[in-house]
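# Sequence below, structure please.
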Amino acid sequence: MILGVEDKPLVRVVAPTVALALAAGVGLAFGVAALKRPPDLPVDTNPAPLAGHTLCAAVVVVFPADAELRVALPAVRDDPKVRRVFVDPPSVSLLAVPGTDLKAWAQELHARFRKAERVTVIDSDATAAQLKLTAPPPKCPREGEY
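Numbers count the residues shown, from 1 in each chain. I've put the predicted structure just below:
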């Protein structure tokens, strides 16, 4: 024993030290995960022309005429799954917020817009996987367009 220093049992010293180290490790793990998580994508539901955009993950709704498209646009813009809206008469191409199941969403849109001639899912990653391409296209970015 060192003079003036009280002898503490090993358990009383090690247990708090281990707990502190674990807490610090958990905090560090959450901090790293927060830094690695991609930022939320911007939402802009104002219709924009499709020209100049190459979509790789979207839902396309084709209407018989521009009049039906104009009637449907307010409902499309208010859909909480819509992140971007592109128009190319008489169709609307929709980019979804991250985490949206495009196939399920396409079915919802088909049920909602009964006058639509066609509702199609564009998913280049799934298509490339199904076709087992030897030279698949680049992976579709999170934004849904190249």
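
# How is residue 42 assigned, secondary-structure-wise?
Per DSSP: H, G, I helix; E, B strand; the rest coil, the local secondary structure of residue 42 is coil.

# residues near it, how many?
By other Cβ atoms under 10 Å, 8 other residues sit near residue 42. (Glycine included, C-beta is placed from N, CA and C.)

# What of residue 121?
Residue 121 has 17 nearby residues by other Cβ under 10 Å.

# how close does residue 104 get to residue 70?
For residue 104, the distance to residue 70 equals 26 Å [Cβ to Cβ, to the nearest Å].

# actually residue 96, sorry about that
From residue 96 to residue 70 the distance is 22 Å (Cβ to Cβ).

# And stretch 62-74, how far out from the chain middle?
Per Cα atoms, centre = their mean, to the nearest Å, the displacement of stretch 62-74 from the mean C-alpha position of its chain is 26 Å.

# With stretch 54-71 instead?
Using Cα atoms, centre = their mean, the offset of stretch 54-71 from its chain centre is 21 Å.

# what does stretch 109-118 give?
24 Å.

# Stretch 71-83 too?
In terms of Cα atoms, centre = their mean, the centre of stretch 71-83 is found 17 Å from the chain centre.

# still on that earlier bit, look at residue 104 and residue 70 and report which has more neighbours.
Between residue 104 and residue 70, counted using other Cβ under 10 Å, residue 70 has the larger neighbour count: 14 against 11.

# Can you name every helix or strand that the helix or strand where that one lies contacts?
Assessed by DSSP states H and E, residue 70 sits inside helix 66-78. Packing contacts for helix 66-78, counted by 3 or more Cβ pairs under 8 Å, 6 or more residues apart in numbering; DSSP states H and E, involve strand 44-49, strand 82-88, strand 91-96.

# Need the winner for burial among those strands.
The highest mean neighbour count among those, using mean count of other Cβ atoms under 10 Å, belongs to strand 91-96: a mean of 23.

# Let's verify the residue most central in space within the chain: helix, strand, or coil?
Closest residue to the average C-alpha location of the chain: residue 98 at 1.4 Å, with Cα atoms, centre = their mean. Here residue 98 is recorded as coil under three-state DSSP.
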